[in-house]
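[1] Quick one, what's the 3D model for this:
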Amino acid sequence: MPMARDSGCNSPSKSHVVYHHSRHFSCLVAEFLTSELQAAKIIASRPQKVEAMQVDKECGWHVSSQHLKNICVGLKLKKPPAGVNEVQLFNQIEQSIRERLGSMGTEGAGKPILKKQLTEQQWAKLGKINDRMRKEYSLRRQMLLKRLDVTIQSFQWGERIKGKMQDDLAAAYRPKRGKLAADSPVTIATLMAAREDLAKLRKTSSGSVRKNTKSAIHKVIMGHAQLKY
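    Next up, the predicted model:
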C-alpha cells in the first residue's frame, strides 16, 4: 500500500505493494489510519505558536502590522528616526490626523459616534460584547447564506434549465457567492471609526425614500402573478 508506506507505516504487511483482502489485514489498516487521525487531531488542537514580532533595525520599533505602515504612507509621514517607540509614533500619527481633520472643517469626516474616553477595563468589556455579537450575527449570516444556496439549487430542479443553462447559472453564481462570508467584519476599530451619521435611522418604507429607491427590480414575477411594490 504506497499511501501507508509514504505515511510512515512500519508494518511490512501494511506497506507492501500487494493488496490483501483478509479480515486481519483490514483491521491492521483501520488501526493505522485511526492512530494517524488521532495524531492529526491532537496536533490541530494545540495552540499555534505566536511568532515574535519583527523589529525594524533602522528605527528600532516593532513592525506589528502592515496597516501601520499603510497609515504612515497615506499620511505622508517621514521615516521614523532611530530609537522612536510605538507611543511616540502613534502620537505623531494622531497629531497628523487631527491636523487634517481640522483643515476639512464641519463638512469633513464628521464627529465620532464614540466621544468618551474608555478605561482599559471598559475596552476589555466592550471587546467581549463585540465577540458575542459577532458570533450571533455570524450565525444569522450563515443561515441567510444557506437559504440563498438552497434557493439557487431549487432553480436547477426545473427541466428547462438542464444542460447549458445550468452551467451558465453556476458560472454566474459562484464568483458572487465566493465574496459572501459568514464572519462579520465589524471590529472595535470599526466602532472607533464610526461617525454620527451612522446613528441616524431612516424608515425604508416611507414614501420619500421609496420614491428614490424604486426600480424595475421591484416588479417580480412569481408563477403567473406579477407583484408590484
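[2] only C-alpha atoms for contact and neighbour calcs from this point on.
    Noted.
[3] Would you agree N130 is in contact with P185?
    No. Using CA atoms under 8 Å, N130 is not in contact with P185; the gap is 11.0 Å.
[4] elements contacting the helix or strand containing Q38?
    Take DSSP states H and E as the rule and Q38 turns out to sit in helix 23-45. Applying 3 or more CA pairs under 8 Å, 6 or more residues apart in numbering; DSSP states H and E, one finds that helix 23-45 contacts helix 12-15.
[5] Show me which residues of the helix holding Q38 are buried.
    Along helix 23-45, these residues count as buried under the neighbour rule (16 or more other CA atoms under 10 Å): V29, F32.
[6] need the contact list for the residue lying closest to A199 once chain neighbours are set aside.
    Spatial nearest neighbour of A199, chain neighbours left out: I113 (7.7 Å); criterion: CA to CA, 6 or more residues apart in numbering. The neighbourhood of I113, defined by CA atoms under 8 Å, 6 or more residues apart in numbering, consists of L191, M192, A194, R195, E196, L198, A199.
[7] tell me the phi and psi of I113?
    I113 adopts backbone torsions of phi -80, psi -20, taken as degrees, to the nearest 10.
[8] A124 belongs to a strand?
    No. In this structure, A124 is helix, not part of a strand, as judged by DSSP: H, G, I helix; E, B strand; the rest coil.
[9] what number of residues lie near it?
    Number of residues near A124 (other CA atoms under 10 Å) recorded here: 12.
[10] how close does it sit to K41?
    32 Å (CA to CA, to the nearest Å).
[11] where do the strands sit along this protein?
    Shown for the chain, the strands assigned by DSSP state E span residues 54-55, 62-63, 219-222, 225-228.
[12] among these, which gets the worst mean confidence?
    Among the strands of the chain, strand 225-228 carries the lowest mean pLDDT, at a mean of 44.
[13] ok so, going back, closest to C72 out of the contacts of I113?
    Nearest to C72 among these is M192, at 18.7 Å by CA to CA.
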